[in-house]
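1. the sequence and its predicted three-dimensional model are supplied below.
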Amino acid sequence: MKTWIFDVDGTLTPSRCEIDEEFEEFFYDWILQNNTFLCSGSDLDKLKEQLSPRILNNVYGVFTCMANAYHESNKEVYKKEFIAPYGLEEDLKEILNNSSYEIRTGNHIEERTGAWNFSIVGRNADSEQRKHFKEWDDEICARTAISNYLNNRYRGVIETSLGGDISIDICNYGYDKRQVVPFLSDRYGIDFSDATFIGDRIQQGGNDYALALAVKAAGGEYIKVDNWHDTRKILLKT
């Protein structure tokens, strides 16, 4: 059976929002007929706010925190810890203090399993504050500049990428979503020549990019979408 891997934010749901009710019905019926995995930068608690229990419990498995944790039937199979290099936290605080963006909502450095998530506006931002920050960042590409700076400063130690609309995902080098491919190959013998990954951040610097390249290198394919409407159109053709 063909294997499908999906990002969540921007692919199955609007960023940090609940899945559309009609799409939830469609996607639930679809996953019952397909070998499906989810892979998100967020932790499991956040996914539970966005996706229904029947989706989370009926996909084959759920990778969270940039694939640094993996769950099946709501049970944790593994988790990996993030080892922060010396000076990183101080650098992030300095970047935050020096940013020209003035709105601060709190929870700017969120420690997750196997990763940190950094946001200037803060993870506590509501939908309007998220939208405002995204519009600002789209104009000046502040997140891209921060990501590039950190990747150069901590080259070979950490890797950063753009996650969602307001944040940057930070992992130890090699410990990002690309981990999905060797894990599924080794544990389940999945043949990636018959696998497809769908995500919205499949561009250099995006947090779906490494997994897309890994799937392609293993013989599979990836599809970039802009939103869940695109995802639905693709699945209707399968």
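-> Nice, thanks for sending it over.
2. return the helix or strand in the chain with minimum mean pLDDT.
-> strand 158-163 (a mean of 90; mean pLDDT, DSSP states H and E).
3. check the closest residue to Asn107 other than its chain neighbours and give its pLDDT.
-> If the residues on either side of it in the chain are set aside, Asn107 comes closest to Arg123, at 4.0 Å by Cβ to Cβ, 6 or more residues apart in numbering. Backbone N, C-alpha and C define where each C-beta goes, glycine included. Here, the pLDDT recorded for Arg123 equals 92.
4. isn't Arg123 up against Glu111?
-> No - if you go by Cβ atoms under 8 Å, Arg123 and Glu111 don't touch, sitting 11.1 Å apart.
5. higher neighbour count, these two?
-> Using other Cβ atoms under 10 Å as the criterion, Arg123 and Glu111 rank with Arg123 on top: 19 against 11.
6. quick one, what contacts the spatially closest residue to Gly10 that is not a sequence neighbour?
-> Once flanking residues are discounted, Gly10 sits nearest to Asp200: 3.6 Å by Cβ to Cβ, 6+ apart. By Cβ atoms under 8 Å, 6 or more residues apart in numbering, the contact list for Asp200 reads 7, 9-11, 206, 208, 224-227.
7. and with 10 Å instead?
-> 7-12, 15, 164, 206-208, 224-228, 230-231 (Cβ atoms under 10 Å, 6 or more residues apart in numbering).
8. what's the answer for Arg178, then?
-> Per Cβ under 10 Å, 6+ apart, neighbours of Arg178: 66-67, 159, 171, 209-215, 217.
9. list the buried ones in stretch 83-92?
-> 84, 88, 91-92 (16 or more other Cβ atoms under 10 Å).
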